Structure formats: C-alpha cells, structure tokens
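Engineer: Build me a model:
(chains A and B)
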Amino acid sequence: MVFGRSSRKQRPVEPVTLKILVAGGFGVGKTTLVGAVSEIRPLRTEETLSEAGRPVDDTHGVESKTTTTVAMDFGRITLREDLVLYLFGTPGQDRFWFLWDELAQGALGAVVLADTRRLEDCFAAVDYFERRQIPFTVAVNCFDGAPRHAAENVAAALDLDPDVPVMLCDARDRESAKEVLIGVVEHALEVSASRRRAAATS
Amino acid sequence: MNDAGSPRSAGTPGSQERETAARGRAVPGARQQDAHFFDADAGPVVRPYAMTRGRTSSATRHRLDLIAIVIPEPAADDPDGDHTLAPEHVEIVQLCQDSPQSIAELAATLDLPVGVVRVLVGDLVEEQLVHVTRPVEPAELPDESLLREVIDGLRAL
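Structural biologist: Okay, here's the model as predicted:
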C-alpha cells in the first residue's frame, strides 16, 4: 500500500558522530560557548552515579549503592546530514572528575576555557588533558571589564607545552566560538599527523 | 502516557510493574490522601531505575556511548502495537523515527538519567527493534580526512 506506515519514510541516514569537550572552571562560560554555536538550545542530561562512578556496573548489590546525580550540558552541530558534532560541557566541580573519563573517551579534542582573573580554575583541566594526551587548546574568554593579557603570557602562566594553541575569544559570540572549535580540530589534526609520523619513524 | 494500563497489555509478564512504575513517575502524589506530601517539586516518586526493573546494565555487549545514535529497524514501525514494550521504550522508538538521536539527546528529551536510557535502548537492541551506531574507537583519534571535513563544515556554518 502506497501510504502504508512502513513506506512512510526513507531509511534514516546514519551519521558519523564526533565530540569536542568544553572544559574549564565554574562560571567560565562553558554553557555560553556551547549555546553560541549549537543548533539546539544546550540540553542538560543527568547521569546517576553509583559509588565512585565505576565504569562497569553490575546488578549485584545495587540496593546498597549510594547515588548522586550530575548534570552535563551539551549541544549539537549538524555539519552535514551524515556528520554531526556534539559539544559537551564538562561538569565544573572537581568531585565529578571520574565522569570526564567517559566524556573524554573518543573525543576528538577539547577546549579549556580560561578566565584570566581566575586562571587557577583551569589548571586541573589542562592537567587532565595533558595526562590523557587528548589534543586540547586553551581559549581565554575575554569578559567585559577583565584585564586583557596576551596569549603568550597566558601560555606561560599555565606552563603549556609550546605546541598547545592559546586563543582569545568571546564565548557569547557565534563567530568567535566557531573559531575556537576550528582551532581545536586543526590542533587535533596536527597532533594526529605528528603521532603518525612518530609511529612511522620508530 | 502511551497505553499505560491498557487492558490488552495486562497479560504480559512484567508489564504490570512497568506500567505502575511509569504511572508513578508521571503522576507524583496520585494517591489523593498523600497529595500534600508530594508535589511536582518533590521529583519522581519512583526511583529512575524502577523503569528498568532495577537493572543498571543491559545485555548488549558494548557500553553505549553518549553520542551513539539510535536508529530504528523496519521491524519497529509500529511500536505502539508491541505489547511487550514499556511506554518509555515506545517513546524512544518514536523519537528516533522522527529523527535518529543520540543517547545523550534521548536522556535530555525524556528527562531520564543516561544510565536508564542505556538500559532501555539496550532492551530495544536486544529485541532488534533498533540498532546503534558505534562512534570512533576509544583511545583513537578520528582519521585526518574526517577531521578536515569537520573543519570545512565548521567554516561553512
């Protein structure tokens, strides 16, 4: 039947999905940056965590587990029908570090948002991505009224490896947020190419 | 609520408790005499994992990634008619028929914890009503041509 339910739609396209993490201290503008480029209003999802957020839960002893809930904000950018980029704002509180492992898994890269008035808030995130060898860039969110610092001074203050890009941005501005994301992907491309070269010569 | 409590599904094992769970979530304080104890602010009266009948993992082999996309199979064209499915299962299938969605989006749209959505989608995979895309292998960077396509796509926005 022509108008039957089963012929109503074409088979859906199966998109390739990628993710970029947006990390940084509390109130540094992570959700603002996600919202500036996302085609959907940043969504909030909650993960119920058991104990230390063990990666593998089993069903034994569920009754006795204490749980806590943590929210993650995320956005979506459909680049093509078959290519979708998700942005995940990492939970700001330190006690949710273990959740980062799940978020970081398979991420193509990360951006660490920094506020020069509270630069120490992003130390932990920088440290995390350095240790996991996840390509990341630092984007300084230039808040109105905050003193401006040159990117190289921020890089020095954070003791970054020389190849980690630092850029200045306005997390509210779509074009600026786009540049930040392009910067992350370009950096991931460089890291990927240099790892490939290293593998080829060893 | 999709068919919750409809008599035709009453014979299915397990359906009764699922429906009770679903109703409990949708109507906090449904019992009149308790009305002053619960209101909408109290949150769900039934704990989220009641919807999964206490299961915190599903039979599927792989942990479903947050950005894994759930794609309905042709067999899922009439989820409403499948009496073994809980209302939440039906909702997931219907949402994904409109446009395939990631685990994270489903969790946000249904206002359920990601862990619960994983179990429910796992059930649907098991029943071969949906399949799930597998994102880039963990600990691997996506290949360079894909990264270039992402850059081009972002520039074109």
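Engineer: Which stretches in the chain count as strands?
Structural biologist: Answering for chain A, as no chain was given. A:16-24, A:43-50, A:67-80, A:83-89, A:109-114, A:136-141, A:166-169 (DSSP state E).
Engineer: was after chain B, sorry
Structural biologist: Using DSSP E, strands in chain B cover B:69-72, B:101-102, B:130-132.
Engineer: Strand partners (parallel or antiparallel) of the second one?
Structural biologist: Using DSSP bridges, the strands paired with strand B:101-102 in its sheet are strand B:69-72 (antiparallel).
Engineer: Buried residues in the strand it pairs with, which are they?
Structural biologist: If you call a residue buried by 16 or more other Cβ atoms under 10 Å in any protein chain shown, then strand B:69-72 has these buried ones: B:69-72. C-betas here are computed from N, CA, C, even on glycine.
Engineer: now stretch A:138-156
Structural biologist: A:138-142, A:149, A:154-155.
Engineer: ok, those vs A:Arg195, which is closest?
Structural biologist: A:Val138 (20.4 Å; Cβ to Cβ).
Engineer: one step back: least reliable of the strands of chain A by average pLDDT, please.
Structural biologist: When the strands of chain A are compared by mean pLDDT, strand A:43-50 comes last with a mean of 67.
Engineer: For chain B, just list every one of the helices.
Structural biologist: B:15-26, B:87-98, B:103-110, B:114-126, B:144-155 (DSSP state H).
Engineer: With distance to B:Leu120 and mean pLDDT as added columns, please give the strands of chain B in a markdown table.
Structural biologist: Converted to a markdown table, the strands of chain B look like this (distance: least, Cβ to Cβ, whole Å; pLDDT from 0 to 100):
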| stretch | distance to B:Leu120 | mean pLDDT |
| --- | --- | --- |
| strand B:69-72 | 10 | 94 |
| strand B:101-102 | 13 | 94 |
| strand B:130-132 | 10 | 93 |
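Engineer: need these in TSV with distance to A:Asp115, can you?
Structural biologist: As requested, these are exported to TSV (distance: least, Cβ to Cβ, whole Å):
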stretch	distance to A:Asp115
strand B:69-72	34
strand B:101-102	30
strand B:130-132	38
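Engineer: hang on, isn't A:Thr32 packed against A:Asp170?
Structural biologist: No. If you go by Cβ atoms under 8 Å, A:Thr32 and A:Asp170 don't touch, sitting 9.4 Å apart.
Engineer: Next, count neighbours for the residue of chain B found nearest chain A.
Structural biologist: Closest approach between chain B and chain A, counting by Cβ to the nearest Cβ: B:Gly153, at 3.0 Å. Burial of B:Gly153 is recorded as 18 neighbouring residues (other Cβ atoms under 10 Å in any protein chain shown).
Engineer: now swap in B:Ala50 and tell me
Structural biologist: B:Ala50, neighbours per other Cβ under 10 Å, totals 18.
Engineer: now do B:Asp82
Structural biologist: 16.
Engineer: For it, give its distance to A:Ala155.
Structural biologist: Distance from B:Asp82 to A:Ala155, counting by Cβ to Cβ, to the nearest Å: 57 Å.
Engineer: What is the burial count for A:Glu14?
Structural biologist: When neighbours are counted by other Cβ under 10 Å, A:Glu14 registers 13.
Engineer: In PDB, list the C-alpha atoms belonging to stretch B:150-157.
Structural biologist: The C-alpha coordinates for stretch B:150-157 follow below in PDB (Å, rounded to 0.1, in the frame of the first residue of the first chain):
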ATOM      1  CA  VAL B 150      34.800  18.800  10.300                       C
ATOM      2  CA  ILE B 151      36.900  21.900   9.800                       C
ATOM      3  CA  ASP B 152      35.300  22.600   6.400                       C
ATOM      4  CA  GLY B 153      31.900  22.000   7.900                       C
ATOM      5  CA  LEU B 154      32.500  24.500  10.700                       C
ATOM      6  CA  ARG B 155      33.800  27.100   8.400                       C
ATOM      7  CA  ALA B 156      30.700  26.800   6.300                       C
ATOM      8  CA  LEU B 157      28.400  27.300   9.200                       C
END
